[in-house]
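Participant: Coordinates for the following, if possible.
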Amino acid sequence: MPKEFGNLFQNRPEKSINMLMKTQPVQALKDHWFILVLALIGTAVFFMNRGHGIEMGIFEQHIVPYASFLSNGGQPGILSYPMWGYPLLLSIFGQFGLLVVQWVASVYTYVILDRVVFEKYRSNRLAVCIVLIGSIPWFAHASVKSPSGLAVSLVWFAIALLIHGMRQQSVNRNIVVSGVLFGIALNFRSEFLALLGLLAVVIPLSSSVTISEERLIVVYSRLRQMVAFCGVALILLLPWVVVRSLNGQHFTLTSSNLGLVGVVSLGQLPDNPWGLIHNDSVASKILGNVRDLDERGNDNTPKAAVSEGAVPAFNPVSYEGDRLLRDYALSAIKSHPTAFLRKIVHNGRNIFLGGLYVGEVERWFSQLDRERFDVSKEKLKDLLGIMPNITEIERYKALGIWDQSVGSSLLFLMIAILLIALGDLVIAAGTIGSLWTIGNRAMNVESILMITMLIFVFGMAALLQYEPRHINTALPALLGMFLVGWSKCGRFGNQVQ
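Facilitator: Numbers count the residues shown, from 1 in each chain. Below you'll find the predicted structure:
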């Protein structure tokens, strides 16, 4: 690490967020130029992806009605899915205003990450290009009308401040503000509770690796920081718990779609023994005959198939439906544990083959070209075994489009391969950088937090549901660990001491 950068955090009074933003650049590239280019990239990506189709079903069917209830009152409906943070902002700002909020949050967070993680490499032009080009999937994910993008920006902002605050051993205001930001993120996506628990365990246990003081003193210091960080984050969930309680709904700290995700994710294993497919409709079919669930008793073979068109006794994302689906998923795993392990391996493989979400450029094509591009993409996914969309494939076969010659869509196939390959390159480079850092014991607070994020994202994708956009959550860690590893190998000169 260069002395200028190291001195930013060591043996100096604590710096606030504003001081962090005003830090003088230690590299040749001017900050204002970097921020301007970054903002332009973000604006371009948000504009190009404004017609995205991903997550729009959830937005229209769940988020918009939730926002309407929060602004106009009336019948509350299901208040446990999604979490209330995104609908609340939608009720305040409207759709366009909320996209502006998402754009500001994504740009500002990336700038903060640059100050804490990337800036020390900016004397190297290749590193600058990597950081700027790497922002494209970051902004693509942030531009989707979904709680995920905003939650990820908040979580990474929190991690950046946590890195900054943990350069000292006291419970300082950066630790507290980091907890506030993380707690706000939990009001958007509850799966980050698992990351909170992982950080609470990993940081104290790994502290002796990063600091050469007496172990018990250091562990105690990190424990105090984690208690403050986690405590503040959990307190920020209380308003949501209170609102739900006032509307007569069950107590829970998480959204009520874990059961649905658990069941649907089992369908990601090809030719699975449960007869499930990767489609949300499976959950409704299962709940269409709750009697089978109730009368299963000691039968270890879940009844996966329920008649088409069955009316669910419970909404799959209701509190009751969630509990039944969780029971179903656990029973399915117990009945075929080997198949579940194969599913984990299959999803783990797809993490490194499926690339990243880079937006939906095909939305700018003509209808015919859009279909050709989608057919090419589905054929490629089917060939590689990376979550082909069975419903779309059947539709294209019915329309007679699926069997068109490869030559008629060769250009679109090449585009699809290029986009996936670039994402795979980022994922592989970040993973190799992480393994190199661990293997060479080149760990510090920064690398430990980023590797913990990688473990969380990869673990969730393997154990539960994998989709390329889920891996975008780990993008700053992938870029950061790649730069760390490459710099240590001397590719960026003597950037890190």
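
Participant: From residue 197, how far out is residue 385?
Facilitator: Using C-beta to C-beta, to the nearest Å, we find residue 385 at a distance of 32 Å from residue 197. To be clear about C-beta, it is placed using only N, CA and C from the backbone, and glycine gets the same treatment.

Participant: now residue 365
Facilitator: Taken as C-beta to C-beta, the span from residue 365 to residue 197 is 44 Å.

Participant: Comparing the two, which shows the higher neighbour count?
Facilitator: With neighbours defined as other C-beta atoms under 10 Å, residue 365 and residue 197 compare such that residue 365 has more, 15 against 12.

Participant: Nearest residue to the more buried one in space, please, no chain neighbours.
Facilitator: Spatial nearest neighbour of residue 365, excluding adjacent residues (C-beta to C-beta, 6 or more residues apart in numbering): residue 373 at 6.1 Å.

Participant: Quick one: residues contacting that neighbour.
Facilitator: By C-beta atoms under 8 Å, 6 or more residues apart in numbering, residue 373 lies in contact with 362, 365, 409, 412, 415, 416.

Participant: Please pick the buried ones from those residues.
Facilitator: By neighbour count, with 16 or more other C-beta atoms under 10 Å, those hold 362, 409, 412, 415, 416 as buried.

Participant: of all the residues you listed, which two lie farthest apart?
Facilitator: 362 and 409 (11.7 Å; C-beta to C-beta).

Participant: coming back round to it: so the residue nearest to residue 365 lies in a helix, does it not?
Facilitator: Yes: under DSSP: H, G, I helix; E, B strand; the rest coil, residue 373 sits within a helix.

Participant: mind checking pLDDT for it?
Facilitator: Residue 373 carries a pLDDT score of 79 in this model.

Participant: can you check residue 185 too?
Facilitator: Residue 185 is given a pLDDT of 97.

Participant: just checking, it touches residue 155?
Facilitator: Yes: in this structure, residue 185 is within contact of residue 155 by C-beta atoms under 8 Å, at 4.7 Å.

Participant: who touches both of those two?
Facilitator: residue 192.

Participant: Which of the helices and strands in this protein ranks last by mean pLDDT?
Facilitator: The weakest-scoring helix or strand in the chain, judged by mean pLDDT, DSSP states H and E, is helix 3-9 (a mean of 35).

Participant: If you count contacts, what does the strand or helix carrying residue 193 end up packed against?
Facilitator: Using DSSP states H and E, residue 193 falls within helix 192-210. With contacts taken as 3 or more C-beta pairs under 8 Å, 6 or more residues apart in numbering; DSSP states H and E, helix 192-210 sits against helix 147-165, helix 173-186, helix 215-235, helix 445-463.

Participant: So which of the ones you listed is nearest residue 39?
Facilitator: It is, among the helices and strands packed on helix 192-210 and with distance given as C-beta to C-beta, helix 147-165, at 14.4 Å.

Participant: count of neighbours near the residue lying closest to residue 280 once chain neighbours are set aside?
Facilitator: Among residues not flanking residue 280 along the chain, residue 264 sits closest, at 6.0 Å (C-beta to C-beta, 6+ apart). Burial measure for residue 264: 23 neighbouring residues, criterion other C-beta under 10 Å.

Participant: Could you do residue 383 as well?
Facilitator: 9.

Participant: Could you say which helix or strand holds it?
Facilitator: With DSSP H and E as the test, residue 383 turns up in helix 367-384.

Participant: what sits against the closest residue to residue 346 other than its chain neighbours?
Facilitator: Distances taken as C-beta to C-beta, 6+ apart place residue 269 nearest to residue 346, at 5.5 Å, with adjacent residues excluded. The contact partners of residue 269, taken as C-beta under 8 Å, 6+ apart, are 339, 342, 343, 346.

Participant: And those residues, which is closest to residue 151?
Facilitator: Using C-beta to C-beta, the contacts of residue 269 come closest to residue 151 at residue 343, 25.6 Å.

Participant: From residue 200, how far out is the closest one?
Facilitator: Taking C-beta to C-beta, one finds residue 343 at 28 Å from residue 200.

Participant: neighbour-wise, which of these two wins?
Facilitator: residue 343 (24 against 17).

Participant: outside of the helix or strand where that one lies, which residues touch it?
Facilitator: Using DSSP H and E, residue 343 falls within helix 337-353. Helix 337-353 has contacts (C-beta under 8 Å, 6+ apart) with 265-266, 268-270, 272-274, 332-333, 384-387, 420, 424, 427-428, 431, 458, 461-463, 466, 471.

Participant: Separate out the buried members of those.
Facilitator: Among these, the ones that count as buried (16+ other C-beta under 10 Å) are 265-266, 268-269, 272-274, 332-333, 386-387, 420, 424, 427, 431, 458, 461-463, 466, 471.

Participant: Could you pick out which of the residues you listed are located in strands?
Facilitator: If you go by DSSP state E, the buried ones among the contacts of helix 337-353 have nothing in strands.

Participant: Among these, which lie within helices?
Facilitator: Among these, DSSP state H puts 265-266, 332-333, 420, 424, 427, 431, 458, 461-463, 471 in helices.

Participant: Next, format those residues as CSV and append pLDDT and distance to residue 445.
Facilitator: Shown next, in CSV, are these (pLDDT from 0 to 100; distance: C-beta to C-beta, whole Å):
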residue, pLDDT, distance to residue 445
265, 94, 33
266, 95, 37
332, 94, 40
333, 95, 36
420, 87, 33
424, 92, 29
427, 95, 23
431, 93, 20
458, 97, 21
461, 96, 25
462, 95, 26
463, 94, 27
471, 96, 24
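
Participant: can you put those residues in a markdown table and add distance to residue 164?
Facilitator: Formatted as a markdown table, those follow (distance: C-beta to C-beta, whole Å):
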| residue | distance to residue 164 |
| --- | --- |
| 265 | 35 |
| 266 | 41 |
| 332 | 44 |
| 333 | 41 |
| 420 | 35 |
| 424 | 32 |
| 427 | 26 |
| 431 | 25 |
| 458 | 25 |
| 461 | 28 |
| 462 | 31 |
| 463 | 31 |
| 471 | 26 |
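
Participant: Give the rounded mean pLDDT of stretch 97-107.
Facilitator: On average, stretch 97-107 scores 97.

Participant: Just the residues contacting that stretch, thanks.
Facilitator: Contacts of stretch 97-107 (C-beta under 8 Å, 6+ apart): 35, 38-39, 42-43, 46, 50, 86, 89-90, 93, 138-139, 142-143, 145, 149-150, 153-154, 157.

Participant: Can you point out the buried residues in it?
Facilitator: Those would be 98, 99, 102, 103, 105, 106, 107, for stretch 97-107 by 16+ other C-beta under 10 Å.

Participant: which of these lies closest to residue 398?
Facilitator: Nearest to residue 398 among these, with distances taken as C-beta to C-beta, is residue 99, at 35.3 Å.

Participant: that older thread, quick check: angle from the helix holding residue 383 to helix 337-353?
Facilitator: 130 degrees (axes from the mean of the first three to the mean of the last three C-alpha atoms, to 10 degrees).

Participant: Many thanks, have a good one.
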